[in-house]
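[1] model this:
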Amino acid sequence: MNQHSKPAIFLCGMMGTGKSVIGKHLARKLNLPFTDLDTIIESDTGKKIPQIFEEIGEAGFREIERNTLARYLKHPKGVLALGGGSLQNQELVDLIKNSGILIFIDTPIEILISRLKKSRRRPMINGLDSQDLKMKIDKLLNERKPFYHQSNIIISGTAKSYEITTDLIIQELIKNDD
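    Numbers count the residues shown, from 1 in each chain. As a prediction, the model looks like this:
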């Protein structure tokens, strides 16, 4: 696989799935560039994601995210880790799928909660106790699954390591390439 003959790869899934870690590893193994949508947003705005949420709320952040993604999709390359809520509507899903391969890392809610319960840098869940965190993740997952499930490839996020998940993605990419 080289970056000139292969479409861009987009990783989606809930926060805590490991999209950034897996994306970096996947890009390295495929010899492709890696980008994280949140990193682009932070670079463009000069602000961290929690600060953006604090200043303009989720709706304002989603608008920035949508515009940043639309700009990226004009010249997509390599592997892009999307934010957990990046797939906000059918138009975005269609644009992404027309620009490359969309991969959903489907991680069970129990694993997500165990990874997220101590997180302090995720504005949508900051300060939530275990019960409220579970309710919030469950609600977000139910809202987002119709978009996530339109992915070209769905990979289980239950592997014990990002290396295993990366290898599963590569196997699926090879199968889809035939």
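[2] where does the chain have its least confident helix or strand?
    helix 109-116 (a mean of 89; mean pLDDT, DSSP states H and E).
[3] Packing partners of it?
    helix 130-148 (3 or more C-beta pairs under 8 Å, 6 or more residues apart in numbering; DSSP states H and E). Yep, even glycine has a C-beta here, placed from its N, CA and C like the rest.
[4] For the helix it packs on, give the mean pLDDT please.
    For helix 130-148, the mean per-residue pLDDT is 92.
[5] for that helix, which positions count as buried?
    L133, K134, I137, L140, L141, R144, F147, Y148 (16 or more other C-beta atoms under 10 Å).
[6] Go through those residues and name the one nearest V79.
    Y148 (17.3 Å; C-beta to C-beta).
[7] Do I have it right that that closest one meets L11?
    No - Y148 is beyond contact range of L11, at 10.9 Å (criterion: C-beta atoms under 8 Å).
[8] Now the helix or strand encompassing T166 - C-alpha only, CSV.
    Using DSSP states H and E, T166 falls within helix 162-177. C-alpha atoms of helix 162-177 as CSV (Å, rounded to 0.1, in the frame of the first residue of the first chain):
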residue,chain,number,x,y,z
TYR,A,162,-3.7,-1.5,19.7
GLU,A,163,-1.3,-3.7,17.7
ILE,A,164,-3.9,-6.5,17.5
THR,A,165,-6.6,-4.0,16.4
THR,A,166,-4.2,-2.5,13.8
ASP,A,167,-3.4,-6.0,12.4
LEU,A,168,-7.2,-6.8,12.2
ILE,A,169,-7.7,-3.5,10.2
ILE,A,170,-4.9,-4.3,7.8
GLN,A,171,-6.3,-7.8,7.2
GLU,A,172,-9.7,-6.3,6.4
LEU,A,173,-8.1,-3.7,4.1
ILE,A,174,-6.3,-6.4,2.2
LYS,A,175,-9.6,-8.4,1.9
ASN,A,176,-11.4,-5.3,0.6
ASP,A,177,-8.6,-4.6,-1.8
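[9] Thanks a lot, see you next time.
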